[in-house]
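Participant: pasting a predicted model and its sequence here:
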There are 2 protein chains.
Amino acid sequence: MVSPDETMRQVEATPALVIDEPTVARNVERLANYAASHRLDVRPHTKTHKSLRMAERQVHAGATGLTTAKAGEAEVMTAASRDLLVAYPVVDEYRCRRLAAMAREGVLIRTTADSLEGVERLAAAAQAAGTTIGVLVDLDVGFHRTGVSSPAAALELAQGIDAERSLRLDGIFFYPGHVWEPVDCQGAELSRIDGLIAECVDLWGRSGLNVHIISGGSTPTAYQSHLVARQTEIRPGTYIYNDMNTVRAGFCSLEDCAATVVCTVVSTAVAGKAVIDAGTKTLTSDRNVKFPDSGHGHVVEYPDAVVVRLSEEHGELDVSRCERKPRIGERVSVIPNHVCPCVNLQDAFWMRRGDGTLERVAVDSRGRLS
Amino acid sequence: MVSPDETMRQVEATPALVIDEPTVARNVERLANYAASHRLDVRPHTKTHKSLRMAERQVHAGATGLTTAKAGEAEVMTAASRDLLVAYPVVDEYRCRRLAAMAREGVLIRTTADSLEGVERLAAAAQAAGTTIGVLVDLDVGFHRTGVSSPAAALELAQGIDAERSLRLDGIFFYPGHVWEPVDCQGAELSRIDGLIAECVDLWGRSGLNVHIISGGSTPTAYQSHLVARQTEIRPGTYIYNDMNTVRAGFCSLEDCAATVVCTVVSTAVAGKAVIDAGTKTLTSDRNVKFPDSGHGHVVEYPDAVVVRLSEEHGELDVSRCERKPRIGERVSVIPNHVCPCVNLQDAFWMRRGDGTLERVAVDSRGRLS
């Protein structure tokens, strides 16, 4: 739990993101232990923290490598790992060239594909750079965002990749982003996904293609990953910090939230309200995934307050149900709905060590949009 | 309109924010002309562009000074104007000290207040720095975010400010953020606000307090500002770029939108969809103010596409109603719902001059959260 008074006094200016190191350590260790017990590789998605310090911690805890969304993020993360997956359809000339450049420099670079056009562009860039890039076939397992729609389509794309001399067919990629059911209720859907994967593996095998990596997982499904039995690696991101999305969906408790935004109460003039100095430019407009009307985060010191409305720099708390009311100038800490885009709005965060001291740490890959 | 093919070819990496200079010039000039014809001062809110280049343009067009939300933004904007309003309740020690430091350095600094506690802290900081800070009493005229709730409360706070030797009572501040009706229908509400202001002015006058500045206005009400007859200055922000909020609410046309995000189509694998490389970390999660279900922005080249869902780095377009479908690798340009937080996610933007050439311009006060 991240809001001892002492921390809040140490932070000079608000709003400020504070990350509790002992909570991070517990979250990272818990996942590493689960994965080890199921012989799953962990390739954490760095989009959540965008921090080399955190990435290094994950690698130290046994992560096989790291995941990024963008080529620019991967360039930053090469300082923490030389085994990177850009989990994104890399189809444009710019990103293809950057991936090829990293591969040429000896980084083990993989990416995902769901189109032959993308595969051809990537192959051309790798060939021009005289290097090889690994590719996973992106299979849509139900989120309907990217990914080919059937095992037959996955096979066709796999054959296209295999035919490119500058690409290396490495396996299958999926993202179960639609699974937000409670952990106990995920079984049926995860078994269905496993069946889909099995069908792919079978088809590929019969065509003489090997599936080395089956990369899936997300924070909501992380601890049920063994139910997709053929999976070889998982890519959770949020688990390192957690947020009100994972709390309200039942995947963790408030005590597992490592990230809070320390804010100042700047106004109590409107009856029944208190206003904090964090709005959408700090907390983002992301509504809670499972409970969209539950407000824009959780105020640790005032659990009965509801963050009812955000402007860009104002967060309005309905404090009518709070027995004690926040006062002007008081500091409070807010757990955001969605920690990933919230971290992305900060140049740096305060890391609070176990002894209560704070250290300023950069959000290294913030702003790497491409 | 901001998407000639030539521009899109020039932009190396996507997603990229492109600002069309001729459109900016028209937007700035139009407001300046309106304000001049009604003898209103213009103090643009720099939260929209966070750019010295744009601020200088506004000052060049006759702006009296500039508005910021945060002290750190004001520090950046001193390079464009020495007459700044920090339109925010400055109540914490850090911000009070920063404002006092700017005032001591000769910047004409004003801020707003809605509490005696805040006033006392600000006064103490100004006194410690041996300087004077101007204060406007924040009056809630209906948005119910900050601001004292009645002319009587405004008078009481004004007297509190007037009693502080290190503060200068400068007038009244209001923000009509609740007024999003079509321009033709704003009259009744703006007249009501004017009545409220009149009551304040009268009360202050009878107590021997002068009201020098009555600062109001927003982009939606900008061109009806004369209906709040006692207003002396307006603080619109969005008007310089515009966005789908101002378009869909009827305050401008698509041709008045100066800001677009150039994106690449990265996936068309899911039937009926096309995915672009801009999600909430580029466009934000802000829903449209007047039409929350109209999607996350407008795709210029595919006006029948709907941006139905955003992930952090993916924008999903429903293209089922498009006769021609976007293709992998194609570039498209998106006008965001809310341009201010979208700009805030960029370190820099491309400014497209009238001759079609591009120049990289910094978002100078991005990341100034305090």
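Facilitator: Received, thanks.
Participant: and after the helix or strand containing A:R26, which helix or strand comes next?
Facilitator: The secondary structure element spanning A:R26 is helix A:21-37 (assigned by DSSP states H and E). Downstream of helix A:21-37, the next assigned helix or strand under DSSP H and E is strand A:41-42.
Participant: let me see the mean pLDDT of that next one.
Facilitator: Strand A:41-42 shows a mean pLDDT of 98.
Participant: over to A:V18. Which of the three states is it?
Facilitator: Secondary structure state of A:V18, per DSSP: H, G, I helix; E, B strand; the rest coil, is strand.
Participant: so what's it closest to, chain neighbours aside?
Facilitator: Nearest-residue entry for A:V18: A:W350, 4.7 Å, with adjacent residues in sequence omitted and distances by Cβ to Cβ, 6 or more residues apart in numbering or on different chains. Where C-beta positions appear, they are placed from N, C-alpha and C, glycine not excepted.
Participant: name the nearest residue to A:F173, ignoring sequence neighbours.
Facilitator: The shortest distance from A:F173 to any non-neighbouring residue, by Cβ to Cβ, 6+ apart, is to A:L136 (3.8 Å).
Participant: does that neighbour touch A:F174 like I think?
Facilitator: No. Counting by Cβ atoms under 8 Å, A:L136 does not reach A:F174; the two are 9.1 Å apart.
Participant: overlap in contacts of the two?
Facilitator: Shared contacts of A:L136 and A:F174, defined by Cβ atoms under 8 Å, 6 or more residues apart in numbering or on different chains, are found at A:S215.
Participant: looking at the two, which has the bigger crowd around it?
Facilitator: The neighbour comparison of A:L136 against A:F174 (other Cβ atoms under 10 Å in any protein chain shown) goes to A:F174, with 28 against 24.
Participant: return the residues in contact with the more buried one.
Facilitator: With contact set as Cβ under 8 Å, 6+ apart, A:F174 has these partners: A:138-141, A:147, A:193, A:197, A:214-216.
Participant: list the buried residues for the strand or helix carrying the residue nearest to A:V18?
Facilitator: Under the criterion DSSP H and E, the helix or strand holding A:W350 is strand A:348-352. Residues of strand A:348-352 classed as buried by neighbour count (16 or more other Cβ atoms under 10 Å in any protein chain shown): A:348-352.
Participant: other SSEs contacting it?
Facilitator: The helices and strands touching strand A:348-352, judged by 3 or more Cβ pairs under 8 Å, 6 or more residues apart in numbering or on different chains; DSSP states H and E, are helix A:5-10, strand A:16-20, strand A:358-362.
Participant: how about the ones you listed in TSV, adding mean pLDDT, mean neighbour count and distance to A:C340?
Facilitator: Rendered in TSV, the data for the helices and strands packed on strand A:348-352 read as follows (pLDDT from 0 to 100; neighbours: other Cβ atoms under 10 Å in any protein chain shown; distance: least, Cβ to Cβ, whole Å):
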stretch	mean pLDDT	mean neighbour count	distance to A:C340
helix A:5-10	76	15	22
strand A:16-20	97	25	12
strand A:358-362	96	15	16
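Participant: nearest to B:T238, out of these?
Facilitator: The minimum distance between B:T238 and the helices and strands packed on strand A:348-352 falls on strand A:16-20, with 27.0 Å, by Cβ to Cβ.
Participant: returning to what we had before: show me what contacts the residue nearest to A:V18?
Facilitator: Taking Cβ under 8 Å, 6+ apart as the definition of contact, the neighbours of A:W350 are A:7, A:10-11, A:16-19, A:358-361.
Participant: for it, give its distance to chain B.
Facilitator: As for A:W350, its distance to chain B is 13 Å (criterion: Cβ to the nearest Cβ, to the nearest Å).
Participant: same check on A:V265?
Facilitator: From A:V265 over to chain B the distance is 8 Å, taken as Cβ to the nearest Cβ.
Participant: of the helices and strands packed on strand A:348-352, which is nearest B:R26?
Facilitator: For the helices and strands packed on strand A:348-352, the distance to B:R26 is smallest for strand A:16-20, at 39.1 Å, taking Cβ to Cβ.
Participant: counting contacts, what elements does the closest one pack onto?
Facilitator: Other elements packing on strand A:16-20 under the criterion 3+ Cβ pairs under 8 Å, 6+ apart are strand A:259-267, strand A:348-352.
Participant: for chain A, which segments count as helices?
Facilitator: When assigned using DSSP state H, the helices of chain A occupy the ranges A:5-10, A:21-37, A:52-60, A:71-77, A:93-104, A:116-129, A:151-162, A:187-206, A:244-248, A:280-283, A:339-343.
Participant: adding distance to B:D318, write these out as CSV.
Facilitator: Conversion of the helices of chain A to CSV gives the following (distance: least, Cβ to Cβ, whole Å):
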stretch, distance to B:D318
helix A:5-10, 45
helix A:21-37, 35
helix A:52-60, 35
helix A:71-77, 27
helix A:93-104, 25
helix A:116-129, 21
helix A:151-162, 21
helix A:187-206, 24
helix A:244-248, 24
helix A:280-283, 25
helix A:339-343, 23
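Participant: got a markdown table for these, with distance to chain B too?
Facilitator: As requested, those are arranged in a markdown table below (distance: least, Cβ to the nearest Cβ, whole Å):
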| stretch | distance to chain B |
| --- | --- |
| helix A:5-10 | 11 |
| helix A:21-37 | 20 |
| helix A:52-60 | 17 |
| helix A:71-77 | 8 |
| helix A:93-104 | 5 |
| helix A:116-129 | 4 |
| helix A:151-162 | 8 |
| helix A:187-206 | 15 |
| helix A:244-248 | 12 |
| helix A:280-283 | 5 |
| helix A:339-343 | 5 |
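Participant: for the residue most central in space within chain A, phi and psi?
Facilitator: When Cα atoms, centre = their mean is applied to chain A, the residue found nearest the centroid is A:G237 (2.9 Å). Backbone dihedrals for A:G237, given as degrees, to the nearest 10, come out at phi -120, psi -60.
Participant: you'd agree it is up against A:C340?
Facilitator: Yes. Proximity of A:G237 to A:C340 meets the contact threshold set by Cβ under 8 Å, at 6.5 Å.
Participant: what do these two both touch?
Facilitator: Common neighbours of A:G237 and A:C340 (criterion: Cβ under 8 Å, 6+ apart): A:47-48.
Participant: where exactly do the strands run in the stretch 201-350 of chain A?
Facilitator: Assigned by DSSP state E, counting those that start in this stretch, the stretch 201-350 of chain A shows strands spanning A:213-216, A:233-234, A:259-267, A:273-276, A:298-299, A:306-310, A:315-318, A:331-335, A:348-352.
Participant: for these, give me CSV that also has distance to A:E120.
Facilitator: Conversion of the strands of the stretch 201-350 of chain A to CSV gives the following (distance: least, Cβ to Cβ, whole Å):
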stretch, distance to A:E120
strand A:213-216, 22
strand A:233-234, 27
strand A:259-267, 41
strand A:273-276, 51
strand A:298-299, 47
strand A:306-310, 44
strand A:315-318, 48
strand A:331-335, 45
strand A:348-352, 40
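Participant: can you lay out these as JSON lines showing distance to A:P89 and mean pLDDT?
Facilitator: Formatted as JSON lines, the entries for these read as follows, by distance: least, Cβ to Cβ, whole Å; pLDDT from 0 to 100:
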{"stretch": "strand A:213-216", "distance to A:P89": "14", "mean pLDDT": "98"}
{"stretch": "strand A:233-234", "distance to A:P89": "19", "mean pLDDT": "98"}
{"stretch": "strand A:259-267", "distance to A:P89": "29", "mean pLDDT": "98"}
{"stretch": "strand A:273-276", "distance to A:P89": "39", "mean pLDDT": "98"}
{"stretch": "strand A:298-299", "distance to A:P89": "35", "mean pLDDT": "98"}
{"stretch": "strand A:306-310", "distance to A:P89": "32", "mean pLDDT": "98"}
{"stretch": "strand A:315-318", "distance to A:P89": "35", "mean pLDDT": "98"}
{"stretch": "strand A:331-335", "distance to A:P89": "32", "mean pLDDT": "97"}
{"stretch": "strand A:348-352", "distance to A:P89": "30", "mean pLDDT": "97"}
